[in-house]
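Trainee: Sequence first, predicted coordinates after that:
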Amino acid sequence: MRGIDLFGKIRFLDTTLRDGEQTPGVSLCMDEKLAIAQGLDSLGVDVIEAGSAMTSEGERLSIKAVADFGLKAEICSYVRALTADIDTALACDVDSVHLVVPVSDLHIECKLKSDRKSVINKAVQVTEYAKDHGLIVELSGEDASRADQDYLVSLYKAGIEAGADRLAFCDTVGVLVPEVTGDIFSRLSQLGVPISIHCHNDFGMATANTIAALRAGAAQAHVTVNGIGERAGNASLEEVVMTLESLYKINTGIKCQDIYQLSRLVSRMTGLPMAPNKSIVGENAFTHEAGIHVHGLLADTRTYEPIHPETVGRKRRIVLGKHAGRASVELALREFGLLATEQQLAQIVTRVKELGDKGKRVSDADLQTIADTVLSIQVEPKVKLQEVTVVAGNTVTPTASVKILLNGAMKLEAGTGVGPVDAAINAIRRAISDVADVRLEEYHVDAITGGTNALVEVWVTMAMADRKITARGAGADIIMASVEAVLEGINRLMRLEEEDKARCLKR
Ligand code: MN
């Protein structure tokens, strides 16, 4: 633990909106950038790199909107060593520029068709220009990890002379290892101004290298939410923050309990799903399959969890199947606030195993239904489907109308969507929107048998406030199977919310 706490507060520059947006296929509009920027600001990052001002008119409008929003964080634009880039950044009202100059001979000669001396001259000239116009300047070496380190130091020193406020070291193609990073930063942290570490994850080393740099005196880490970014991505905010917090016991000042919510927001807006096994924010990071581990978890959750899921705003999930044992079913029931006697528990386990033996995973809604039956809980569903009609085709906008009974009252609604399933689900969500704000977070279809008459199984993950559950629907009609799954999910979420309220009143 030597070193890391000697340098005061660690700062975070989040570049989800710049380097993260450079992920192939990702493009964020102004509203999306604003929503993510607000999330980052309330999470507590110090600097938000909102984009590259010279990219396009739309990008400039977005950056300006973020800059004018009155956030606490410093708002930054990426710029090249060109005065024209500084002018466009100034027009966006940003506080600072991330002024990036290539520093490896490979980049200077092959990409820039320039030479070392000219690069320094340009960096100095543009730094002075930016400082004259009142900007905070973070002078950044691109491909610094493959550069001649003596040359890099001479460029940094010239930049500091010219007024640069901070420096940044980019491991542009992710080739650092922690030992080398430590050595490099032991030297660079002596230059007299704060220096940032900017890591890419080509070898899966981005988090480790970022931590190594911080330990050796880096003052600021460049990160992105979910680790998104070009190729294999950037150092991930959630991994760097939680490593510092949980493994190094450093108070980062980041609101960790909001991490998951922001991760979901970024995933939705970028259209980039998380790998289930992604650290901290992946679906499986706090999910346990029934088995011997659940027995340990039941005794003490620390047995198989390095941190409490609540630390990052998540909930533990127990997935049941044919391996389900007494302990796992009991734990899953407990997560839903249900208690069963020994005898009832044995019955529930038998039914769960029966379902598992048919090759089925057991959804939260399945377990609830089984538990309701065994515990003889009579529950009238709050939302009942009366009618659904869907129109789709090559020349019509997919449209659905639904008639439902909501708490006994008739509701008629219509919705459109990108396809008939989307339209039907949108119509249902609109019909219940007065009483419940339910989000569909994941949707997954399996064809159980072959052919166009296949039986399909639809799995949905639905969320309301910070609760998330899974539900399932099956049948030969994909639209009806989807509607069934969504209604199951809605009914369960509404029931759980009601039970929460009842519990609060009792206290
Ligand atoms: Mn980068």
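Mentor: Alright, I've got the coordinates. Since the structure is predicted, the reported quantities are computational estimates derived from the model, not experimental observations.

Trainee: Following the chain onward from the helix or strand where Ser328 lies, which element is next?
Mentor: Following DSSP states H and E, one finds Ser328 within helix 326-335. Using DSSP H and E, the helix or strand that follows helix 326-335 towards the C-terminus is helix 342-357.

Trainee: Who are the packing partners of whichever strand or helix holds His288?
Mentor: Per DSSP H and E, His288 falls inside strand 287-289. For strand 287-289, the packing partners by 3 or more C-beta pairs under 8 Å, 6 or more residues apart in numbering; DSSP states H and E come out as strand 317-319. Heads up, the C-betas are built off the backbone N, CA and C, glycines and all.

Trainee: so for the strand it packs on, what's the average pLDDT?
Mentor: The predicted model gives strand 317-319 an average pLDDT of 79.

Trainee: Could you do stretch 44-54 as well?
Mentor: Here the average pLDDT along stretch 44-54 is 97.

Trainee: Quick check: end-to-end length of it?
Mentor: End-to-end span of stretch 44-54 (C-alpha to C-alpha, to the nearest Å): 27 Å.

Trainee: Give me the three-state assignment for Arg472.
Mentor: strand (DSSP: H, G, I helix; E, B strand; the rest coil).

Trainee: which residue packs closest to the spatially most central residue of the chain, ignoring adjacent ones?
Mentor: Central residue of the chain (C-alpha atoms, centre = their mean): Ser263, 1.9 Å from the mean position. With C-beta to C-beta, 6 or more residues apart in numbering as the criterion, Ser263 has its nearest non-adjacent residue at 4.1 Å, and that residue is Val281.

Trainee: ok, the one you found touching Asp258?
Mentor: No. The criterion here is C-beta atoms under 8 Å, and Val281 misses it with Asp258 at 11.9 Å.

Trainee: So between these two, which is more surrounded?
Mentor: Val281 (27 against 16; other C-beta atoms under 10 Å).

Trainee: any idea whether the more buried one is helix, strand or coil?
Mentor: Strictly by three-state DSSP, Val281 counts as coil.

Trainee: And for Gly70, the neighbour number?
Mentor: 6.

Trainee: Just want the phi and psi numbers for it.
Mentor: Dihedral angles of Gly70 (phi, psi; degrees, to the nearest 10) stand at phi 80, psi 30.

Trainee: do Leu167 as well
Mentor: phi -120, psi 160.

Trainee: again, but for Lys322
Mentor: phi -70, psi -20.

Trainee: From what I see, it and Arg351 are in contact.
Mentor: No. Checked against C-beta under 8 Å, the pair Lys322 and Arg351 is beyond contact range at 11.9 Å.

Trainee: Thr172: neighbouring residues, count only.
Mentor: Look at Thr172: counted by other C-beta under 10 Å, it has 23 neighbours.

Trainee: so who does it touch?
Mentor: Glu142, Asp143, Ala144, Ser145, Arg146, His198, His200 (C-beta atoms under 8 Å, 6 or more residues apart in numbering).

Trainee: what does Thr303 give?
Mentor: His293, Gly296, Leu297.

Trainee: which residues does the first one contact?
Mentor: In this case it means His293. Thr303, Tyr304.

Trainee: Identify each buried residue in the helix or strand containing it, please.
Mentor: Using DSSP H and E, His293 sits within helix 292-299. Buried residues in helix 292-299, defined by neighbour count with 16 or more other C-beta atoms under 10 Å: His293, Val294, His295, Gly296, Leu297, Leu298.

Trainee: Tell me the secondary structure of Gly12, please.
Mentor: For the record, residue 12 is Phe, not Gly. strand.

Trainee: I figured Leu412 was touching Ala400, is that so?
Mentor: No. Using C-beta under 8 Å, Leu412 makes no contact with Ala400, being 11.7 Å away.

Trainee: These two: who's more crowded?
Mentor: Neighbours per residue (other C-beta under 10 Å) separate Leu412 from Ala400, with Ala400 holding more: 26 against 12.

Trainee: all strands of the stretch 301-450 of the chain, in order?
Mentor: Here the stretch 301-450 of the chain has its strands, by DSSP state E, counting those that start in this stretch, at 317-319, 383-391, 399-406, 409-416, 438-447.

Trainee: Quick one, which of those gets closest to Leu43.
Mentor: strand 438-447 (20.0 Å; C-beta to C-beta).

Trainee: Got the domain ranges for this protein?
Mentor: Domain assignment of the chain by automatic domain parsing yields the ranges 11-270, 287-374, 383-506.

Trainee: closest one to Pro276 among the ones you listed?
Mentor: domain 287-374 (8.2 Å).

Trainee: now the angle between strand 438-447 and the lengthiest helix in the chain, please.
Mentor: Criterion DSSP state H: the longest helix present in the chain is helix 478-506. Computed by axes from the mean of the first three to the mean of the last three C-alpha atoms, to 10 degrees, the angle separating helix 478-506 from strand 438-447 equals 140 degrees.
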